[in-house]
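Trainee: pasting the sequence and the predicted model now:
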Amino acid sequence: MHVLHVVAGVLGILAEIKGSVSMIGYGLSAIGPGIGIGIMVGKTVEGQARQPEMAARLQTTMILGIAFTDVLALIGFVGLFIAG
Amino acid sequence: MSQLSGTLAALVPAIVAAPRKGFEIPPTNEIFHGKCIIGSGTLCLNRTSILLFLVFAVLAVLLIAATARPRLVPSGAQNLVESIYDFIRRDIVIGVIGPEGERYSAYLVSLFLFVFLASLLEVIPGIQFPVTSRMALPAVLAIMSWLIYNFAGIKAKGLGGYLKGIMFPPGVPKPLYLIVTPIEFAAALILRPFTLAIRLFANFFAGHLLLVVAFVGSAYLFLGNPATKAFFVLTLVGGIAGVGLEIFIAAVQAYVFALLTAAYIRLATVEEH
(Lines give C-alpha, C1' and ligand atoms only; values in the text may rest on other atoms or scores of the structure.)
Protein backbone atom coordinates (compact mmCIF):
# COMPACT_ATOMS: atom_id res chain seq x y z
CA MET A 1 0.00 0.00 0.00
CA HIS A 2 2.82 2.29 0.96
CA VAL A 3 4.69 1.48 -2.28
CA LEU A 4 1.63 2.27 -4.37
CA HIS A 5 1.37 5.57 -2.56
CA VAL A 6 4.97 6.45 -3.45
CA VAL A 7 4.47 5.40 -7.08
CA ALA A 8 1.32 7.51 -7.34
CA GLY A 9 3.21 10.42 -5.84
CA VAL A 10 6.11 10.05 -8.30
CA LEU A 11 3.70 9.79 -11.22
CA GLY A 12 1.95 12.91 -9.98
CA ILE A 13 5.27 14.77 -9.85
CA LEU A 14 6.18 13.53 -13.35
CA ALA A 15 2.85 14.77 -14.68
CA GLU A 16 3.64 18.17 -13.22
CA ILE A 17 7.01 18.51 -15.00
CA LYS A 18 7.01 21.46 -17.36
CA GLY A 19 9.47 22.30 -20.08
CA SER A 20 11.75 20.01 -22.00
CA VAL A 21 11.45 16.40 -20.83
CA SER A 22 13.89 15.39 -23.58
CA MET A 23 16.59 17.11 -21.53
CA ILE A 24 16.27 14.13 -19.15
CA GLY A 25 16.72 11.85 -22.14
CA TYR A 26 19.95 13.63 -22.98
CA GLY A 27 21.10 13.17 -19.39
CA LEU A 28 20.35 9.45 -19.58
CA SER A 29 22.17 9.10 -22.89
CA ALA A 30 25.27 10.68 -21.38
CA ILE A 31 25.57 8.06 -18.61
CA GLY A 32 26.63 5.14 -20.79
CA PRO A 33 29.34 6.90 -22.79
CA GLY A 34 30.59 8.51 -19.57
CA ILE A 35 31.15 5.13 -17.93
CA GLY A 36 32.50 3.63 -21.16
CA ILE A 37 35.03 6.36 -21.85
CA GLY A 38 36.12 6.30 -18.22
CA ILE A 39 36.83 2.56 -18.33
CA MET A 40 38.54 2.85 -21.73
CA VAL A 41 40.89 5.68 -20.76
CA GLY A 42 41.69 4.00 -17.46
CA LYS A 43 42.60 0.72 -19.15
CA THR A 44 44.69 2.56 -21.75
CA VAL A 45 46.66 4.35 -19.03
CA GLU A 46 47.20 0.98 -17.34
CA GLY A 47 48.49 -0.48 -20.57
CA GLN A 48 50.73 2.51 -21.23
CA ALA A 49 52.22 2.24 -17.75
CA ARG A 50 52.95 -1.45 -18.23
CA GLN A 51 54.37 -1.10 -21.71
CA PRO A 52 55.52 2.46 -22.46
CA GLU A 53 56.84 1.41 -25.88
CA MET A 54 53.26 0.67 -26.97
CA ALA A 55 51.96 4.07 -25.77
CA ALA A 56 51.48 5.69 -29.20
CA ARG A 57 49.56 2.76 -30.69
CA LEU A 58 47.39 2.41 -27.60
CA GLN A 59 46.56 6.09 -27.79
CA THR A 60 45.38 5.83 -31.41
CA THR A 61 43.22 2.83 -30.55
CA MET A 62 41.85 4.65 -27.50
CA ILE A 63 40.82 7.67 -29.56
CA LEU A 64 39.13 5.32 -32.04
CA GLY A 65 37.24 3.64 -29.22
CA ILE A 66 36.22 6.96 -27.68
CA ALA A 67 34.93 8.11 -31.06
CA PHE A 68 32.75 5.01 -31.32
CA THR A 69 31.44 5.44 -27.78
CA ASP A 70 30.76 9.14 -27.51
CA VAL A 71 28.51 9.18 -30.55
CA LEU A 72 25.74 7.78 -28.32
CA ALA A 73 25.76 10.87 -26.14
CA LEU A 74 25.90 13.07 -29.24
CA ILE A 75 22.87 11.33 -30.76
CA GLY A 76 21.10 12.00 -27.47
CA PHE A 77 22.09 15.65 -27.73
CA VAL A 78 20.77 15.95 -31.26
CA GLY A 79 17.60 14.11 -30.20
CA LEU A 80 17.12 16.73 -27.52
CA PHE A 81 16.91 19.44 -30.16
CA ILE A 82 14.84 17.40 -32.58
CA ALA A 83 12.28 16.55 -29.87
CA GLY A 84 12.37 20.14 -28.62
CA MET B 1 30.08 53.52 -15.37
CA SER B 2 26.75 54.08 -17.10
CA GLN B 3 28.58 55.65 -20.05
CA LEU B 4 30.69 52.53 -20.35
CA SER B 5 27.54 50.38 -20.28
CA GLY B 6 26.06 52.55 -23.00
CA THR B 7 29.12 52.14 -25.22
CA LEU B 8 29.09 48.39 -24.69
CA ALA B 9 25.36 48.25 -25.41
CA ALA B 10 25.99 49.80 -28.81
CA LEU B 11 28.53 47.11 -29.64
CA VAL B 12 26.49 43.99 -28.83
CA PRO B 13 23.59 42.80 -30.99
CA ALA B 14 20.13 44.17 -30.20
CA ILE B 15 18.91 40.77 -29.05
CA VAL B 16 21.46 40.86 -26.24
CA ALA B 17 21.23 44.52 -25.30
CA ALA B 18 17.43 44.81 -25.29
CA PRO B 19 16.13 45.04 -21.73
CA ARG B 20 13.94 42.12 -20.82
CA LYS B 21 12.38 40.48 -17.80
CA GLY B 22 14.43 37.30 -17.63
CA PHE B 23 17.51 35.77 -19.19
CA GLU B 24 16.68 34.28 -22.58
CA ILE B 25 18.85 32.44 -25.05
CA PRO B 26 17.81 33.12 -28.63
CA PRO B 27 16.16 30.00 -30.09
CA THR B 28 18.50 27.66 -31.95
CA ASN B 29 16.90 28.25 -35.33
CA GLU B 30 17.72 31.92 -34.85
CA ILE B 31 21.37 31.20 -33.99
CA PHE B 32 21.91 28.79 -36.86
CA HIS B 33 19.60 30.31 -39.41
CA GLY B 34 21.27 31.49 -42.61
CA LYS B 35 19.61 34.45 -44.30
CA CYS B 36 20.17 34.70 -48.03
CA ILE B 37 22.93 37.19 -48.81
CA ILE B 38 23.44 36.62 -52.52
CA GLY B 39 20.54 35.40 -54.64
CA SER B 40 17.25 34.03 -53.32
CA GLY B 41 15.32 30.80 -53.00
CA THR B 42 16.77 27.45 -52.00
CA LEU B 43 20.01 27.87 -53.97
CA CYS B 44 21.05 31.22 -52.55
CA LEU B 45 24.38 31.87 -50.87
CA ASN B 46 23.97 32.44 -47.16
CA ARG B 47 26.56 33.14 -44.49
CA THR B 48 27.39 29.45 -44.07
CA SER B 49 28.12 28.81 -47.73
CA ILE B 50 30.17 32.01 -48.07
CA LEU B 51 32.26 30.90 -45.08
CA LEU B 52 32.59 27.48 -46.72
CA PHE B 53 34.03 29.07 -49.86
CA LEU B 54 36.30 31.17 -47.64
CA VAL B 55 37.71 28.04 -45.99
CA PHE B 56 38.19 26.46 -49.40
CA ALA B 57 39.98 29.54 -50.76
CA VAL B 58 42.24 29.94 -47.71
CA LEU B 59 43.17 26.26 -47.75
CA ALA B 60 43.84 26.24 -51.51
CA VAL B 61 45.99 29.39 -51.38
CA LEU B 62 47.90 28.13 -48.33
CA LEU B 63 48.64 24.71 -49.81
CA ILE B 64 49.51 25.94 -53.30
CA ALA B 65 51.70 28.75 -51.97
CA ALA B 66 53.47 26.40 -49.59
CA THR B 67 54.28 23.76 -52.17
CA ALA B 68 54.61 25.78 -55.41
CA ARG B 69 58.40 25.92 -55.21
CA PRO B 70 59.39 22.98 -53.06
CA ARG B 71 62.88 23.04 -51.66
CA LEU B 72 64.94 20.14 -50.43
CA VAL B 73 65.35 21.76 -47.03
CA PRO B 74 61.86 23.06 -46.23
CA SER B 75 61.31 26.33 -44.41
CA GLY B 76 58.37 28.47 -43.39
CA ALA B 77 55.00 27.47 -44.81
CA GLN B 78 56.40 24.43 -46.62
CA ASN B 79 57.73 23.19 -43.30
CA LEU B 80 54.32 23.55 -41.67
CA VAL B 81 52.40 21.82 -44.44
CA GLU B 82 54.94 19.03 -44.72
CA SER B 83 54.91 18.36 -41.00
CA ILE B 84 51.09 18.16 -40.99
CA TYR B 85 51.20 15.81 -43.99
CA ASP B 86 53.86 13.70 -42.32
CA PHE B 87 51.90 13.55 -39.06
CA ILE B 88 48.74 12.29 -40.80
CA ARG B 89 50.70 9.91 -43.02
CA ARG B 90 52.68 8.38 -40.17
CA ASP B 91 49.94 8.33 -37.53
CA ILE B 92 46.83 7.52 -39.54
CA VAL B 93 47.80 6.09 -42.92
CA ILE B 94 50.75 3.89 -41.96
CA GLY B 95 49.50 3.29 -38.42
CA VAL B 96 45.96 2.22 -39.31
CA ILE B 97 45.84 1.14 -42.96
CA GLY B 98 49.47 0.10 -43.40
CA PRO B 99 51.92 0.81 -46.22
CA GLU B 100 49.39 -0.11 -48.94
CA GLY B 101 47.20 2.80 -47.81
CA GLU B 102 49.66 5.37 -49.17
CA ARG B 103 47.29 6.30 -52.01
CA TYR B 104 44.68 7.53 -49.53
CA SER B 105 47.00 9.88 -47.66
CA ALA B 106 46.24 12.85 -49.96
CA TYR B 107 42.52 12.49 -49.29
CA LEU B 108 42.96 12.03 -45.55
CA VAL B 109 45.26 15.03 -45.21
CA SER B 110 42.85 17.28 -47.14
CA LEU B 111 40.00 15.95 -45.02
CA PHE B 112 41.87 16.71 -41.81
CA LEU B 113 42.86 20.23 -42.85
CA PHE B 114 39.42 21.07 -44.23
CA VAL B 115 37.50 19.87 -41.17
CA PHE B 116 39.98 21.58 -38.86
CA LEU B 117 39.77 24.97 -40.60
CA ALA B 118 35.99 24.79 -41.06
CA SER B 119 35.58 24.10 -37.34
CA LEU B 120 38.19 26.63 -36.29
CA LEU B 121 36.00 29.42 -37.70
CA GLU B 122 34.06 29.02 -34.47
CA VAL B 123 36.68 30.93 -32.48
CA ILE B 124 38.05 33.35 -35.10
CA PRO B 125 36.98 36.85 -33.97
CA GLY B 126 34.51 38.49 -36.30
CA ILE B 127 33.33 35.23 -37.86
CA GLN B 128 32.59 32.96 -34.89
CA PHE B 129 30.46 30.46 -36.74
CA PRO B 130 31.66 26.90 -37.35
CA VAL B 131 30.59 25.77 -40.81
CA THR B 132 30.46 22.19 -39.50
CA SER B 133 27.60 23.10 -37.14
CA ARG B 134 25.20 22.92 -40.09
CA MET B 135 24.38 19.34 -41.02
CA ALA B 136 25.08 19.77 -44.75
CA LEU B 137 28.88 19.85 -44.63
CA PRO B 138 29.40 16.85 -42.28
CA ALA B 139 26.85 14.91 -44.34
CA VAL B 140 28.69 15.58 -47.60
CA LEU B 141 32.06 14.69 -46.07
CA ALA B 142 30.62 11.48 -44.60
CA ILE B 143 29.11 10.50 -47.96
CA MET B 144 32.48 11.08 -49.62
CA SER B 145 34.22 8.86 -47.07
CA TRP B 146 31.46 6.26 -47.48
CA LEU B 147 31.97 6.17 -51.26
CA ILE B 148 35.74 5.91 -50.86
CA TYR B 149 35.79 3.03 -48.39
CA ASN B 150 33.14 1.12 -50.32
CA PHE B 151 35.06 1.55 -53.60
CA ALA B 152 38.26 0.52 -51.84
CA GLY B 153 36.58 -2.63 -50.51
CA ILE B 154 35.01 -3.56 -53.84
CA LYS B 155 38.29 -2.93 -55.63
CA ALA B 156 40.24 -5.08 -53.18
CA LYS B 157 37.86 -8.05 -52.89
CA GLY B 158 35.27 -7.76 -55.66
CA LEU B 159 31.61 -6.99 -55.03
CA GLY B 160 30.71 -10.49 -53.81
CA GLY B 161 33.77 -10.84 -51.61
CA TYR B 162 33.24 -7.39 -50.13
CA LEU B 163 29.59 -8.03 -49.25
CA LYS B 164 30.50 -11.45 -47.86
CA GLY B 165 33.20 -9.84 -45.72
CA ILE B 166 30.71 -7.34 -44.36
CA MET B 167 27.77 -9.66 -43.80
CA PHE B 168 29.39 -12.93 -42.77
CA PRO B 169 32.24 -12.26 -40.33
CA PRO B 170 34.24 -15.46 -39.80
CA GLY B 171 34.26 -17.39 -36.56
CA VAL B 172 30.55 -17.01 -35.79
CA PRO B 173 28.40 -20.14 -35.18
CA LYS B 174 26.09 -20.70 -38.18
CA PRO B 175 22.67 -20.05 -36.49
CA LEU B 176 23.90 -16.73 -35.10
CA TYR B 177 24.21 -15.34 -38.64
CA LEU B 178 20.45 -14.76 -38.45
CA ILE B 179 21.15 -11.98 -35.95
CA VAL B 180 24.69 -10.99 -36.89
CA THR B 181 24.19 -10.46 -40.62
CA PRO B 182 21.52 -7.70 -40.48
CA ILE B 183 23.39 -5.93 -37.68
CA GLU B 184 26.71 -6.02 -39.51
CA PHE B 185 25.10 -4.97 -42.78
CA ALA B 186 23.39 -1.96 -41.15
CA ALA B 187 26.51 -1.07 -39.19
CA ALA B 188 28.82 -1.11 -42.20
CA LEU B 189 26.61 0.59 -44.77
CA ILE B 190 24.22 2.84 -42.84
CA LEU B 191 25.44 3.50 -39.30
CA ARG B 192 29.08 4.29 -40.20
CA PRO B 193 28.43 7.32 -42.42
CA PHE B 194 25.53 8.37 -40.19
CA THR B 195 27.60 8.42 -37.00
CA LEU B 196 30.53 10.01 -38.85
CA ALA B 197 28.34 12.95 -39.83
CA ILE B 198 26.44 13.17 -36.52
CA ARG B 199 29.66 13.20 -34.49
CA LEU B 200 31.14 16.17 -36.32
CA PHE B 201 27.85 18.06 -36.52
CA ALA B 202 26.81 17.56 -32.89
CA ASN B 203 30.22 18.50 -31.50
CA PHE B 204 30.24 21.91 -33.13
CA PHE B 205 26.52 22.48 -32.73
CA ALA B 206 27.02 21.92 -28.99
CA GLY B 207 30.24 23.93 -28.90
CA HIS B 208 28.73 26.92 -30.67
CA LEU B 209 25.70 26.85 -28.35
CA LEU B 210 28.03 26.66 -25.35
CA LEU B 211 29.93 29.76 -26.41
CA VAL B 212 26.71 31.62 -27.29
CA VAL B 213 25.24 30.85 -23.86
CA ALA B 214 28.43 31.91 -22.09
CA PHE B 215 28.84 35.23 -23.90
CA VAL B 216 25.15 36.16 -24.09
CA GLY B 217 24.99 35.36 -20.39
CA SER B 218 27.98 37.63 -19.66
CA ALA B 219 26.40 40.49 -21.59
CA TYR B 220 23.10 39.95 -19.80
CA LEU B 221 24.69 39.91 -16.36
CA PHE B 222 26.71 43.04 -17.13
CA LEU B 223 23.98 45.10 -18.82
CA GLY B 224 20.91 43.83 -17.00
CA ASN B 225 20.17 44.09 -13.31
CA PRO B 226 22.83 46.18 -11.45
CA ALA B 227 22.80 43.59 -8.66
CA THR B 228 24.21 40.91 -10.97
CA LYS B 229 26.91 43.09 -12.51
CA ALA B 230 29.69 41.57 -10.40
CA PHE B 231 29.00 38.03 -11.58
CA PHE B 232 29.63 38.59 -15.28
CA VAL B 233 33.32 37.90 -14.70
CA LEU B 234 32.53 34.26 -13.91
CA THR B 235 30.64 33.58 -17.13
CA LEU B 236 33.17 35.59 -19.15
CA VAL B 237 36.09 33.54 -17.79
CA GLY B 238 34.09 30.38 -18.45
CA GLY B 239 33.44 31.49 -22.01
CA ILE B 240 37.11 32.28 -22.62
CA ALA B 241 38.05 28.85 -21.26
CA GLY B 242 35.41 27.46 -23.62
CA VAL B 243 37.19 29.09 -26.56
CA GLY B 244 40.36 27.21 -25.66
CA LEU B 245 38.37 23.99 -25.31
CA GLU B 246 36.78 24.51 -28.73
CA ILE B 247 40.17 24.94 -30.43
CA PHE B 248 41.22 21.62 -28.88
CA ILE B 249 37.94 19.96 -29.92
CA ALA B 250 38.35 21.22 -33.50
CA ALA B 251 41.75 19.54 -33.72
CA VAL B 252 40.53 16.31 -32.09
CA GLN B 253 37.42 16.05 -34.26
CA ALA B 254 39.37 16.64 -37.46
CA TYR B 255 41.82 13.94 -36.35
CA VAL B 256 39.01 11.55 -35.42
CA PHE B 257 37.22 12.09 -38.74
CA ALA B 258 40.36 11.23 -40.70
CA LEU B 259 41.20 8.35 -38.33
CA LEU B 260 37.75 6.80 -38.64
CA THR B 261 37.79 7.09 -42.42
CA ALA B 262 41.14 5.29 -42.41
CA ALA B 263 39.78 2.63 -40.04
CA TYR B 264 36.78 2.05 -42.32
CA ILE B 265 39.06 1.74 -45.36
CA ARG B 266 41.14 -0.76 -43.39
CA LEU B 267 38.04 -2.76 -42.36
CA ALA B 268 36.78 -2.78 -45.94
CA THR B 269 40.03 -3.90 -47.56
CA VAL B 270 41.58 -6.24 -44.97
CA GLU B 271 41.68 -9.92 -45.85
CA GLU B 272 39.83 -12.19 -43.45
CA HIS B 273 41.75 -15.07 -41.94
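Mentor: In hand now; what should we look at? Numbering: from 1, shown residues only, chains lettered A, B, ... in the order given.
Trainee: and the residue of the stretch 151-273 of chain B closest to chain A?
Mentor: Across the stretch 151-273 of chain B, no residue is closer to chain A than residue B:202, which sits at 3.7 Å (CB to the nearest CB). Backbone N, C-alpha and C define where each C-beta goes, glycine included.
Trainee: doesn't that residue belong to a helix?
Mentor: Yes - the assignment for residue B:202 (DSSP: H, G, I helix; E, B strand; the rest coil) places it in a helix.
Trainee: in this structure it contacts residue A:76, no?
Mentor: No - if you go by CB atoms under 8 Å, residue B:202 and residue A:76 don't touch, sitting 9.1 Å apart.
Trainee: so those two - more neighbours on which side?
Mentor: Shown here are residue B:202 and residue A:76; by other CB atoms under 10 Å in any protein chain shown, residue B:202 has more neighbours (24 against 20).
Trainee: what's the local residue count around the residue lying closest to the more buried one once chain neighbours are set aside?
Mentor: In space, and not counting its chain neighbours, residue B:202 is closest to residue A:74: 3.7 Å by CB to CB, 6 or more residues apart in numbering or on different chains. Residues within reach of residue A:74, counting by other CB under 10 Å, total 22.
Trainee: contacting residues around residue A:74?
Mentor: B:198, B:199, B:202, B:203, B:206 (CB atoms under 8 Å, 6 or more residues apart in numbering or on different chains).
Trainee: helices or strands up against the host helix or strand of the first one?
Mentor: In other words, residue B:198. Secondary structure assigned from DSSP states H and E places residue B:198 in helix B:192-223. Contacts defined by 3 or more CB pairs under 8 Å, 6 or more residues apart in numbering or on different chains; DSSP states H and E place helix B:192-223 against helix A:55-83, helix B:2-11, helix B:14-17, helix B:28-31, helix B:105-120, helix B:136-167, helix B:232-269.
Trainee: which one of those is the most hemmed in?
Mentor: Greatest average neighbour count among the helices and strands packed on helix B:192-223 goes to helix B:105-120 (a mean of 21), per mean count of other CB atoms under 10 Å in any protein chain shown.
Trainee: contacts for that one next, please.
Mentor: B:51-52, B:55-56, B:58-59, B:63, B:84-85, B:88-89, B:92-93, B:130-132, B:137, B:141, B:145, B:148, B:200, B:204, B:247, B:249-251, B:253-255, B:257-258, B:261-262.
Trainee: quick check: residues of chain B near chain A?
Mentor: Taking CB under 8 Å from any CB of the partner chain as the criterion, chain B approaches chain A at residues B:28, B:91, B:95-96, B:195, B:198-199, B:201-203, B:205-206, B:252, B:255-256, B:259-260, B:263.
Trainee: one more time with 7 Å
Mentor: Applying CB under 7 Å from any CB of the partner chain, one finds that chain B approaches chain A through B:28, B:91, B:95, B:195, B:198-199, B:202-203, B:206, B:256, B:259-260, B:263.
Trainee: now flag whichever of the residues you listed is closest to residue A:53.
Mentor: residue B:95 (14.6 Å; CB to CB).
Trainee: need the per-residue pLDDT for that closest one.
Mentor: As predicted, residue B:95 sits at a pLDDT of 87.
Trainee: over to residue B:272?
Mentor: With respect to pLDDT, residue B:272 scores 65.
Trainee: A helix includes residue B:172, no?
Mentor: No - applying three-state DSSP, one finds residue B:172 to be coil, outside a helix.
Trainee: that one reaches residue B:180, doesn't it?
Mentor: Yes - here residue B:172 reaches residue B:180: they are 5.4 Å apart, a contact under CB atoms under 7 Å.
Trainee: could I get the contacting residues of residue 65?
Mentor: Just so you know, I chose chain A. Shown in contact with residue A:65 (CB atoms under 7 Å, 6 or more residues apart in numbering or on different chains): residue A:40.
Trainee: you answered for a different chain; I wanted chain B.
Mentor: residue B:77.
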